[in-house]
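all I have is the shape, not the residue letters:
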């Protein structure tokens, strides 16, 4: 069975983790499939990506069988080489970071268990919409390891330092309401997938170049210096202001019609 179900419709690419009998636990095949899916996104055809999970949960974490494969192995050659992300990540880190770097918005629809690798994948999204039954956990400490799939880049951008430390040190699952209070999820909805798809449709009505520029700015704003961010604001605005896309948005807004970006 394919590890992912991928559909494309009206500018939205919907990527579903498809291992429901294993709670969508990530094995080597799913890791490679997620990286391949992110690499294959064509932003001229896809305006927004939605990530979700089939079955009872989004993703319960890494497949524990992977630990057995590492017994007796030298792990540094597996983890330290920068094999992905233009020399910035290893294979496991790329699972989350590829969505963070993607030039279009990514929305994660969460339900049930969102643990370990599953949570780090969700952190790679721009927005996380969770069902009331969602449980989130930075689970790695339970197994005597630390977050190593991009979590230590993404978590500090999303939650306070003390919250991050509590999540990591205890490995204790938290319910959706607590995750929302701490900023780990964006919002709670009884039907997170429907809410994610509705939001994706809304974003598809925005200027694609403007959305891409906004994501670049948001990513830079979290870590860049004021000088870098101010320069990026001006550079990206110069690429948008007065150009065909922006003029079409202005005309459509004044005419009270939907913009046409195919011109």
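Arrived safely, thanks for sending. Nothing here was measured: the structure is a model prediction, and the numbers come from that model.

for the residue lying closest to residue 104 once chain neighbours are set aside, give its distance to residue 237.
Leaving aside its sequence neighbours, residue 104 sits nearest to residue 43 (CB to CB, 6 or more residues apart in numbering; 5.2 Å). Any C-beta I mention is one placed from the backbone N, CA and C, and that applies to glycine too. Look at residue 43 and residue 237: by CB to CB, to the nearest Å, they are 20 Å apart.

ditto for residue 33
In terms of CB to CB, residue 33 sits 37 Å off from residue 237.

neighbour count: these two, which is higher?
For residue 33 versus residue 237, neighbours defined as other CB atoms under 10 Å are more numerous around residue 33 (20 against 13).

so the more buried one: helix, strand or coil?
For residue 33, the assignment made with DSSP: H, G, I helix; E, B strand; the rest coil gives helix.

do residue 254 as well
Of the three states, residue 254 takes helix under three-state DSSP.

tally of neighbours for it?
Burial measure for residue 254: 8 neighbouring residues, criterion other CB under 10 Å.

from memory residue 213 sits against residue 236, does it?
Yes. Taking CB atoms under 8 Å as the definition, residue 213 is a contact partner of residue 236 at 4.2 Å.

is it true that residue 99 lies in a helix?
Yes. Residue 99 forms part of a helix when assessed by three-state DSSP.

please verify my assumption that it contacts residue 120.
No. The pair formed by residue 99 and residue 120 falls short of the contact definition of CB under 8 Å, at 10.4 Å.

what about those two, which has more around it?
Taking other CB under 10 Å, residue 99 and residue 120 do not tie; residue 120 has more neighbours (31 against 27).

any idea of the pLDDT on that one?
The predicted local distance difference test score for residue 120 is 97.

name the element it belongs to?
Assigned by DSSP states H and E, residue 120 belongs to helix 117-123.

which residues sit against that helix?
The contact list for helix 117-123 (CB atoms under 8 Å, 6 or more residues apart in numbering) reads 24, 26, 34, 51, 53, 57-62, 92, 95-96, 99-100, 108, 110, 114, 128, 136-139, 147, 149-151, 154-155, 158.

would you agree residue 196 is in contact with residue 129?
Yes. Proximity of residue 196 to residue 129 meets the contact threshold set by CB under 8 Å, at 5.1 Å.

stretch 251-261 spans what distance, first to last residue?
With CA to CA, to the nearest Å as the measure, stretch 251-261 spans 12 Å from end to end.

list the buried ones in that stretch?
Within stretch 251-261, the residues that qualify as buried by neighbour count (16 or more other CB atoms under 10 Å) are 259, 261.

how distant is it from the center of its chain?
Centroid separation between stretch 251-261 and its chain, computed with CA atoms, centre = their mean, to the nearest Å, is 30 Å.

avg pLDDT for that stretch?
For stretch 251-261, the per-residue pLDDT averages 92.

one more: stretch 95-102?
The average pLDDT within stretch 95-102 is 97.

could you do stretch 158-166 as well?
Here stretch 158-166 scores 97 as its mean pLDDT.

mind listing the strands for the stretch 151-263 of the chain?
Remark: strands assigned in the stretch 151-263 of the chain by DSSP state E, counting those that start in this stretch are 174-175, 187-188.

state the pLDDT value of the residue nearest to the spatial centre of the chain.
Closest residue to the average C-alpha location of the chain: residue 125 at 1.9 Å, with CA atoms, centre = their mean. Residue 125 is assigned 98 on the pLDDT scale.
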